[in-house]
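A.B. asks: Pasting a predicted model and its sequence here:
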Amino acid sequence: MTEFTVNSTICGFVHKIHGSKKGNKIIVDIETPCEKIKKFSHMEVPMMEILDIKNNYVIDRAQEAQCSSNCLVPCAVLNLCRMESGFLAKSLVKKAGSISIEFDEV
């Protein structure tokens, strides 16, 4: 089981993402106050459909839910799926800590 917390400071929402591997799928559940994210808050993600950004199960579901292009949740779900499927080492993620985007003033 992998769990992430996503702090979407731009929209003000905090999302809790849970996932675990079951056969050749990653079962993902998202606790969220966001109506768009709720539209795809439960997914059974095929492991082999997370590798490419173009033909990607998670990105397709986010697009169907009309998520904005700056939404961090699809990226977090992809990282969770990659960890659960073994394509991304949990030890590497633990060592790296959190992921952030810092906006520099222009």
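C.D. replies: It's in. Numbers count the residues shown, from 1 in each chain.

A.B. asks: would you list every one of the strands in this structure?
C.D. replies: 2-8, 13-22, 25-31, 42-46 (DSSP state E).

A.B. asks: and of those, who's closest to Cys71?
C.D. replies: strand 2-8 (7.0 Å; Cβ to Cβ). Using the backbone N, CA and C atoms, a C-beta is placed for each residue, glycine as well.

A.B. asks: How far away from the center of its chain is the closest one?
C.D. replies: Here strand 2-8 is found 8 Å from its chain centre; the criterion is Cα atoms, centre = their mean, to the nearest Å.

A.B. asks: ok, now stretch 2-19?
C.D. replies: 9 Å.

A.B. asks: Redo the strands of the chain as CSV? Include distance to Glu64.
C.D. replies: Formatted as CSV, the strands of the chain follow (distance: least, Cβ to Cβ, whole Å):
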stretch, distance to Glu64
strand 2-8, 19
strand 13-22, 18
strand 25-31, 15
strand 42-46, 11
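
A.B. asks: Quick check: nearest residue in space to the residue most central in space within the chain, chain neighbours excluded?
C.D. replies: When Cα atoms, centre = their mean is applied to the chain, the residue found nearest the centroid is Val77 (1.5 Å). Leaving out its chain neighbours, the residue that sits closest to Val77 by Cβ to Cβ, 6 or more residues apart in numbering is Val58, at 5.0 Å.

A.B. asks: ok, now Thr5?
C.D. replies: Thr5's closest residue in space is Lys16 (Cβ to Cβ, 6+ apart), at 5.6 Å.
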